[in-house]
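In: Sequence and predicted structure are below.
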Amino acid sequence: MSRENKKTAKNNLPWINPIGGYGDMLMLSGVLKLVIEKDPSRRFNLIRRTNYLDILGRHPAIASVGFPPKNAKIIGVDYWYMEELGPGNHRAFQVLARSFGLETPVEERLYLHDEFVEDPLLHNFLPWKKVNILIASASDSPRKTVYPTIWHHLVDYLLSDGAFVMQAGRFNEQHIRNAYSVRGLTTPRQLVALIRKCDLVITVDNFIMHAAHLAGIPAVVIWGPTQHEVYGYPEQVHLQMRPMCGLRNGESCIVSEKNRGGGLYNTPCPLGERHCMDQIKPEAIYEASRKALLRG
């Protein structure tokens with residue numbers, strides 16, 4: 001086949017339009033791996049989004065990365081609009097799998113191509129201890145975050161036990177007092193490699209929650225506007241806070257018909273001090289962490 005014919009053949013493949021956070025991309029990567037395991041001939045093109053190339057750019061299901069030609073077939077991955085989300089076969093991963101023609105339920109295996117990429121300089125520089133804990137206090141959505149003072153107290157409890165506590169996330173996120181910051185120092189793949197060297201992850205609903213599942217590391221996850229039955233993993237310890245804004249049990253203020261178009265996702269909770277995530281006690285997170293370490 002000539003170079004021009006190969007280019008035409010690739011352009012005729014369906015184009016995936018990746019949207020969402022890094023956690024959504026890990027789920028998409030896992031679903032695509034299941035797709036080609038079932039049918040090795042299936043391939044897709046990926047619309048270029050710079051932030052997602054570290055996770056999806058060299059995926060074996062991706063034939064090329066670029067920009068679709070006119071009249072190309074576009075595949076959306078906004079599973080939160082496809083079906084009503086819920087437990088069991090209505091979990092986010094299952095809905096996404098069905099959108100690619102898989103018969104569900106499927107095993108919720110996340111996937112990263114190639115090997116995990118360690119940063120030797122960072123790994124050798126960190127003051128590792130017998131027990132190493134990674135915390136991730138923030139999310140792209142302020143509605144999924146916990147007030148920093150709660151994290152401050154939690155870190156003090158963990159340090160008093162002799163643990164090494166490091167904070168991962170974006171560079172511009174607020175530093176948690178006395179935590180060793182690696183914010184902004186890793187790519188998503190490097191962060192997964194870093195998590196693999198830890199004994200425990202404590203996080204909210206974000207990429208790092210999914211990355212802990214991928215890495216096989218115990219995690220304590222704090223939930224509020226999203227539900228662990230929809231996004232979390234069974235081996236993790238889930239601390240589900242009850243929304244105080246009149247939502248029905250299991251309903252989400254940011255993943256529902258109330259938020260079509262996503263306008264609420266980037267806004268803070270209007271309840272202020274009554275924000276569901278801020279009702280968690282640092283002592284409760286600490287006790288859950290101790291139990292997770294013993295169980296792990």
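Out: Structure's in. What do you need? Numbers count the residues shown, from 1 in each chain.
In: buried ones in stretch 69-79?
Out: If you call a residue buried by 16 or more other C-beta atoms under 10 Å, then stretch 69-79 has these buried ones: 77, 79. Bear in mind the C-beta positions are built from the backbone N, C-alpha and C, glycine included.
In: my bad, should have said stretch 282-295
Out: Within stretch 282-295, judged by 16+ other C-beta under 10 Å, the buried ones are 282, 284, 285, 286, 288, 289, 292, 293.
In: Show me what that stretch is in contact with.
Out: Stretch 282-295 has contacts (C-beta atoms under 8 Å, 6 or more residues apart in numbering) with 131, 133, 150-151, 153-154, 157-158, 161, 199-200, 202, 218-220, 222, 237, 239.
In: Apply 6 Å and report the result again.
Out: Stretch 282-295 is contacted by residues 150, 153, 154, 157, 200, 202, 218, 220, 237 when judged by C-beta atoms under 6 Å, 6 or more residues apart in numbering.
In: residues contacting the last one?
Out: Each residue near residue 237 by C-beta under 6 Å, 6+ apart is listed here: 220, 288, 292.
In: could the buried residues of stretch 282-295 go into JSON lines alongside distance to residue 88 and secondary structure?
Out: What follows is the buried residues of stretch 282-295, written out as JSON lines (distance: C-beta to C-beta, whole Å; DSSP: H, G, I helix; E, B strand; the rest coil):
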{"residue": "282", "distance to residue 88": "32", "secondary structure": "helix"}
{"residue": "284", "distance to residue 88": "27", "secondary structure": "helix"}
{"residue": "285", "distance to residue 88": "27", "secondary structure": "helix"}
{"residue": "286", "distance to residue 88": "31", "secondary structure": "helix"}
{"residue": "288", "distance to residue 88": "24", "secondary structure": "helix"}
{"residue": "289", "distance to residue 88": "28", "secondary structure": "helix"}
{"residue": "292", "distance to residue 88": "24", "secondary structure": "helix"}
{"residue": "293", "distance to residue 88": "29", "secondary structure": "helix"}
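In: mind checking the backbone torsions on residue 179?
Out: Dihedral angles of residue 179 (phi, psi; degrees, to the nearest 10) stand at phi -90, psi 140.
In: which element follows the helix or strand bottoming out on mean pLDDT in the chain toward the C-terminus?
Out: Across the helices and strands of the chain, mean pLDDT, DSSP states H and E gives its lowest value to helix 3-11, namely a mean of 53. Once helix 3-11 ends, the next helix or strand along the chain (criterion: DSSP states H and E) is strand 15-17.
In: got a list of contacts for that following strand?
Out: 44, 45, 46, 47, 68, 72, 74, 75, 76.
In: Strands - which of those land there?
Out: 44, 45, 46, 47, 74, 75, 76 (DSSP state E).
In: Relative to residue 33, which of the buried residues of stretch 282-295 is nearest.
Out: The shortest approach to residue 33 among those belongs to residue 292, at 27.7 Å (C-beta to C-beta).
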